[in-house]
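1. okay, here's the prediction I keep looking at, along with the sequence it came from:
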Amino acid sequence: MEKVLDLLDAYHHANLEDVIEFELSGVIEKESVAAYGRESFELCLSCVDYTSLNATDTGASLAAKIAATRAKLKKNGLPEVASVCVYPCFAGAARRALSGSSIRTAVVGGGFPSACTFPEVKRLECERAIAAGAEEVDVVIAVGEVLAKNYRQVYEDLLALREACAGVVMKVIIETGELKEIEPIFNATLVSAYAGADFVKTSTGKVPVSATPEAVYVMCEALRQFHARTGREVGIKVSGGITKPENAISYLTIVRHKLGEEWLAPRLFRVGASQLLDNLVKACKA
């Protein structure tokens, strides 16, 4: 861990605020306008983690929702989404409902949405969900520890979850709306990457501020530098409040601009959403 802490100092985020403002309001805005169209809508659809995290969910209601979604996409000749994301106890029901498709079963785990529970509970929840059929697990970083700059604790917590999620995709939610500033967002992204995250994700969708273009830009810059230094590609997932196709295209464009075309596929780019799916389908039909 000492090595990772030392490595954080080798990364650079100084003056990033001025660059973000210039690029988002200039080059990236123009690129987003140019990208708006069916090809990008279908790409976004293929990268959607279709999410249902409602207190009213049941295994039966999720199975019905999944069946209806698959039928809608097939009827309109549209690509399947990347995954369906549910609470851990519904992993088995979702996996069964997705049988025969390429859609992966994802769950939120590790004490979602706050991560404020015992380490052994976090691990057990992940392990049980995986045993039930989860192929991807979205866990939450210890936000308070990040804000306190206790990066050793954050790293060790994530390493334990990485071990519990061995053999499946692990996405680390850094809750950018609570971190707020460039430095904690940048460092939380790097610590997650060094701890073995397959994706770093913006938000749980359970706090007032979720994904923002500024936060996604910072995360992409951290992942760009991480890739340049280590050679490892870490994906990015944007989530929380993304309901309109233009929002999804904007985030897709930021990722393309900062990380390149190779990131624009489900293995490295995801959009967590529920309402967005229907709006993308409507946009494709327009």
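-> In hand now; what should we look at?

2. list phi and psi for residue 207.
-> Main-chain torsions, residue 207, degrees, to the nearest 10: phi -120, psi 160.

3. what sits against it?
-> Residues near residue 207 by C-beta atoms under 8 Å, 6 or more residues apart in numbering: 113, 175, 177, 178, 240. Every residue, glycine included, has its C-beta placed from N, CA and C.

4. dump the residue contacts of the fourth one.
-> This points to residue 178. The contact partners of residue 178, taken as C-beta under 8 Å, 6+ apart, are 143, 147, 207, 209.

5. what kind of secondary structure is the residue nearest the centre of the chain in?
-> With distances taken as C-alpha atoms, centre = their mean, the residue of the chain nearest its centroid is residue 237 (2.5 Å). Assigned by DSSP: H, G, I helix; E, B strand; the rest coil, the conformation of residue 237 is strand.

6. just residue 196 next, same as before
-> Assigned state for residue 196: coil (three-state reduction, three-state DSSP).

7. what sits against the closest residue in space to residue 269 that isn't next to it in sequence?
-> Once flanking residues are discounted, residue 269 sits nearest to residue 47: 5.0 Å by C-beta to C-beta, 6 or more residues apart in numbering. Contacts for residue 47 (C-beta under 8 Å, 6+ apart) come out as 81, 82, 252, 264, 265, 266, 269, 270, 271.

8. give me the neighbour count for the fourth one.
-> By that I understand residue 264. Neighbourhood size, residue 264 [other C-beta atoms under 10 Å]: 18.

9. against residue 44, how distant is it?
-> According to C-beta to C-beta, to the nearest Å, residue 264 stands 9 Å off from residue 44.

10. so what sits against both of these two?
-> Shared contacts of residue 264 and residue 44 (C-beta under 8 Å, 6+ apart): residue 252.

11. count of residues packed around residue 114?
-> Counted with other C-beta under 10 Å, residue 114 comes out at 15.

12. so residue 172 sits in a strand?
-> Yes. Counting by three-state DSSP, residue 172 is located in a strand.
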